[in-house]
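Student: 3D, please:
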Amino acid sequence: MVDVLLPLVTLILGFFASFMLELLRNRWTAQNVLDVRTAERHHAAQLERAAFECDGLRAVHTAIHDLLNRVNAIAILLAKAEAGGMDWRESDDGQELRAAAMHATARCSHESALLLHPPVIEAVERLTTAAYPMYWTRASGSDPRHRREFFEAEQAASRAIATRLRELYGFAPSGD
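Tutor: You can find the predicted model right below:
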């Protein structure tokens, strides 16, 4: 009887062990596939976020460049008006340039609202704040304090954008 039962028990135990090992192998394989898919989705999401942020940074940089051009155009008109003893804001070109500078400032603010990196957002906010006296006051760009503050804010914003782009492209350590 032992001769018949021992092979039968061994066969049953072997079948059960094989069945359990197959279940564990399937679970392990399924978990590995899930982990790989999760990692791929996470990587794709990071790439999308980086692409979105790069596009936003480029848009802000373009808006800053436009604002800088508008403020410089006001400085040219200001110099001409001062030579003639006039107020630049009262001329037709002055009103048009002021409106263009206001629009460029609003565009900078709008584009920065879509950003994800606080140091860049703060730098752009500082720039838009410094831009206000450049086109709203009578002295505008002739006041050295306003001019210095505006151009320092522009340089800080450009540096912040460049630093963040280097981080996104992997050329500098990330602060996140």
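
Student: contacts and neighbour counts: CA atoms only from here.
Tutor: Noted.

Student: what's near enough to touch Ala153?
Tutor: Ala123, Val124, Arg126, Leu127, Ala130 (CA atoms under 8 Å, 6 or more residues apart in numbering).

Student: let me redo that: Val124
Tutor: Shown in contact with Val124 (CA under 8 Å, 6+ apart): Cys108, Ser109, Ser112, Ala153, Glu154, Ala157.

Student: just give me how far the helix or strand containing His61 sits from the chain centre.
Tutor: Per DSSP states H and E: His61 is located in helix 2-83. Mean-position distance between helix 2-83 and its chain equals 18 Å (CA atoms, centre = their mean, to the nearest Å).

Student: and it, what does it pack against?
Tutor: Contact here means 3 or more CA pairs under 8 Å, 6 or more residues apart in numbering; DSSP states H and E; on that basis helix 2-83 packs against helix 92-113, helix 118-136, helix 144-168.

Student: which parts of the second one are buried?
Tutor: So the one you mean is helix 118-136. For helix 118-136, burial by neighbour count (16 or more other CA atoms under 10 Å) applies to 120-121, 123-135.

Student: middle-most residue in this protein, spatially?
Tutor: Glu53 (3.6 Å; CA atoms, centre = their mean).

Student: can I assume that one is in contact with Leu116?
Tutor: Yes - look at Glu53 against Leu116 with CA atoms under 8 Å: they come within range, at 6.8 Å.

Student: residues making contact with stretch 100-118?
Tutor: Under CA under 8 Å, 6+ apart, the answer for stretch 100-118 is 53, 56-57, 59-60, 63-64, 66-67, 70-71, 120-121, 124-125, 128, 131-132, 135, 164.
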